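In: Compute the structure for the input listed below.
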Amino acid sequence: MVTQNGEKDHVFHRDFSREYPLIEHGEGVYLVDASGKRYLDASSGAIAANIGHGVAEIGDAMAAQAKKAGFVHTLRFETEVQHDLAKEISDLAPSTLNYVYFTSTGSEANESAIKFAIQYHRDRGNPSKHVTIGRWQSYHGNTMGSLSAGGDLLRRMPYMENLMRTEHVYSPYCHRCPYQQSLDHCLAHKQLYCIDELERLILEIGPEVVSSFICEPIIGSQQGAVVPPATYLSQVRALCDKYDIVLIVDEVMTGFGRTGSHFAVEGFQVEPDILTFGKGVSGGYAPLAGMIVSDRLVESLKEHGKGKFIHGSTFSGHPVTLAAGKAAIGYYKKHHLLDNSKKQGAYLLHKLYELQAKHRTIGNIRGRGLLIGFEVMKDRHTDSFYQSTVRASERLNQMAMKIGVIFYPGSGTLDGVNGDHLLIGPPLTISETEVDELVHRLDLALILFEKEMST
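Out: This next block holds a predicted model:
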């Protein structure tokens, strides 16, 4: 393989079978490649570029910090920006979450949370509590611990023999309940069947071995913005309290205004023991993530663990990435992006429902704020999906890219293998006019997709 200038290519690509456009610069919700082609970034990269592209003040803040102190090792030193950003994030989080531990990626954040939960129990004299329960069709990262806790079958499969012991339950996908129940039935009995199944699993393997339960408040890449019933998280919280289980809520994708609030748990009125974050915290301008830990767990660490978390990495609390996070949070506030996320998210939902009437391939639409997804179907009128080998959502996204718009395709919607969905999550800066353009280009892509798939 050679580069565009004819030289040998030395990049280890994500996929060597593909050709990748070379992005030259970004402008707001757009990316521009080396040929001058403009792409409307309807997925914020990987739901990360929340404040849009080309915001010079973020780069200026990073440069200013680099000139002051480009790196310190947090095992020996701390920085003012570390304390400033930790306070800002804790002020946005639920009231009992006040201690911020920084990492570079969401995978590391979830790995840290899983390990800290295990240490929490061990420090208190319960070393048998080491098993994490996750959910099928979830994603928590690519490190071995986070991959083990996640429920992405295709990513887990190559490493099955290497994964740590975890257990899983099904997610609350009420539109297609894996337990063959109806939401009306669950609500009538004031108890969700999926919660009953979670408790059954806890009792089956033994509460004495369960360390933590990890979940996304709104299911992201693996099912496409599925919102659980209003009482789901509060019932999970009650079970965790009952059996001394650490509740970890993964807000790597949903945090920092993506769903119209600082964190999605606000909409469910639940306070986890650990909340993980990433992606939008820096608006995608620097690799920054972390976990926010409850007062209760930190006090236990001080009392029973000599105050030391047995964990760490070289770039945890890197001052230049923290400067990006501090500047990004300032940008969210200055430009009222949470309000815009709610406003434009509602408008986008409205336009998608209009588009659904035109296209048989748009199935169930769901989401909150500017995290919206829909099922990519063969025909929703017959409730039929394409075979998994067709890779329908990926093909739709490839057609969309030709038209100049980028989405976040996903597969395994139904059972980890079958079913497709498309995730839409543009920068929170998007305007109504740009939403119209996004929907128009999606319409064109669907026309091409349906025509190709019918031949």
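In: from here on, contacts and neighbour counts on C-alpha atoms
Out: Noted.
In: Check which element follows the helix or strand bottoming out on mean pLDDT in the chain along the chain.
Out: Ranked by mean pLDDT, DSSP states H and E, the helix or strand of the chain with the weakest confidence is helix 183-188, at a mean of 90. Later in the chain than helix 183-188, the nearest helix or strand by DSSP states H and E is helix 193-205.
In: gap between that following helix and the chain center?
Out: Distance of helix 193-205 from the chain centroid (Cα atoms, centre = their mean, to the nearest Å) equals 25 Å.
In: Secondary structure of residue 98: a helix, I assume?
Out: No. In this structure, residue 98 is strand, not part of a helix, as judged by DSSP: H, G, I helix; E, B strand; the rest coil.
In: per-residue pLDDT, it?
Out: Note on residue 98: pLDDT of 98.
In: what does residue 35 give?
Out: The predicted local confidence for residue 35 is 95.
In: distance of it from residue 24?
Out: 9 Å (Cα to Cα, to the nearest Å).
In: Surely residue 257 is in contact with residue 337?
Out: Yes. Assessed by Cα atoms under 8 Å, residue 257 is found in contact with residue 337 at 6.9 Å.
In: Residues that sit against both of these two, list them.
Out: Common contacts of residue 257 and residue 337, defined by Cα atoms under 8 Å, 6 or more residues apart in numbering, comprise residue 428.
In: For these two, work out which one has more neighbours and name it.
Out: Higher neighbour count among residue 257 and residue 337: residue 257, with 27 against 24, using other Cα atoms under 10 Å.
In: Other residues contacting stretch 305-324?
Out: 58-59, 61-63, 65-66, 69-74, 79, 81-82, 85, 101-104, 112, 116, 119-120, 123, 282, 285-288, 298, 301-302.
In: Can you tell me which of these are buried?
Out: Those of those that meet the buried threshold are 58-59, 61-63, 65, 71-72, 74, 79, 81-82, 85, 101-104, 112, 116, 119-120, 123, 282, 285-288, 298, 301, by 16 or more other Cα atoms under 10 Å.
In: Narrow those to those in strands?
Out: If you go by DSSP state E, the buried ones among the contacts of stretch 305-324 have 101-103 in strands.
In: Next, count neighbours for residue 336.
Out: 14.
In: same thing with residue 391?
Out: 17.
In: Next, work out how far apart it and residue 143 are.
Out: 26 Å.
In: Only the buried residues of stretch 15-27, if you could.
Out: Going by 16+ other Cα under 10 Å, stretch 15-27 has these buried residues: residue 26.
In: What lies in contact with that stretch?
Out: If you take Cα under 8 Å, 6+ apart as the criterion, stretch 15-27 is touched by 31-34, 52-54.
In: Out of the residues you listed, which two sit at the greatest distance?
Out: 34 and 52 (19.0 Å; Cα to Cα).
In: the more surrounded of these two?
Out: residue 52 (24 against 12).
In: ok, residue 212 touching residue 241?
Out: No. With contact defined as Cα under 8 Å, residue 212 does not reach residue 241; the gap is 10.9 Å.
In: Just want to know which of the two has more residues nearby.
Out: Taking neighbours as other Cα under 10 Å, residue 212 and residue 241 compare with residue 212 leading, 28 against 12.
In: Might one say that residue 429 is in contact with residue 41?
Out: No. Counting by Cα under 8 Å, residue 429 sits too far from residue 41 to count as a contact (11.5 Å).
In: Find the residue ranges of the chain scoring beneath the pLDDT cut-off.
Out: The chain contains residues with pLDDT under 70 at 1-5.
In: what's the residue closest to the geometric middle of it?
Out: In the chain, the centroid-proximal residue (Cα atoms, centre = their mean) is residue 253; its distance is 2.5 Å.
In: separation between that residue and residue 425?
Out: Distance from residue 253 to residue 425, by Cα to Cα: 10 Å.
In: And stretch 129-141, end to end?
Out: 22 Å.
In: And for the nearest residue to residue 129 once chain neighbours are set aside, the neighbour number?
Out: Leaving aside its chain neighbours, residue 129 sits nearest to residue 209 (3.8 Å; criterion: Cα to Cα, 6 or more residues apart in numbering). A count of nearby residues for residue 209, using other Cα under 10 Å, gives 18.
In: now the one 10 residues further on
Out: Applying the criterion other Cα under 10 Å, we find 25 residues in the vicinity of residue 219.
In: ok, it to residue 322 distance?
Out: 27 Å.
In: Also residue 308?
Out: 22 Å.
In: For this protein, which segments are assigned as helices?
Out: With DSSP state H as the criterion, the chain has helices at 44-47, 56-68, 80-92, 106-123, 144-149, 153-156, 183-188, 193-205, 232-242, 295-304, 319-334, 337-356, 392-403, 432-453.
In: Columns distance to residue 369 on top of those, output as TSV?
Out: Below are the helices of the chain laid out as TSV (distance: least, Cα to Cα, whole Å):
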stretch	distance to residue 369
helix 44-47	13
helix 56-68	24
helix 80-92	17
helix 106-123	21
helix 144-149	26
helix 153-156	28
helix 183-188	23
helix 193-205	25
helix 232-242	19
helix 295-304	29
helix 319-334	15
helix 337-356	5
helix 392-403	22
helix 432-453	13
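In: Can you check which of these gets nearest to residue 7?
Out: Closest approach to residue 7 among the helices of the chain is made by helix 392-403 (25.9 Å; Cα to Cα).
In: Tell me how far the closest one lies from the chain's centre.
Out: With Cα atoms, centre = their mean, you get 22 Å for helix 392-403.
In: elements contacting that helix?
Out: strand 408-411, strand 420-424, helix 432-453 (3 or more Cα pairs under 8 Å, 6 or more residues apart in numbering; DSSP states H and E).
In: Tell me the neighbouring strands of the first one, and mark each as parallel or antiparallel.
Out: To tie it back to what came earlier, the one meant is strand 408-411. If you go by DSSP bridges, strand 408-411 pairs up with strand 420-424 (antiparallel).
In: The partner strand to helix 337-356, inter-axis angle?
Out: 140 degrees (axes from the mean of the first three to the mean of the last three Cα atoms, to 10 degrees).
In: Thank you kindly, that will do.
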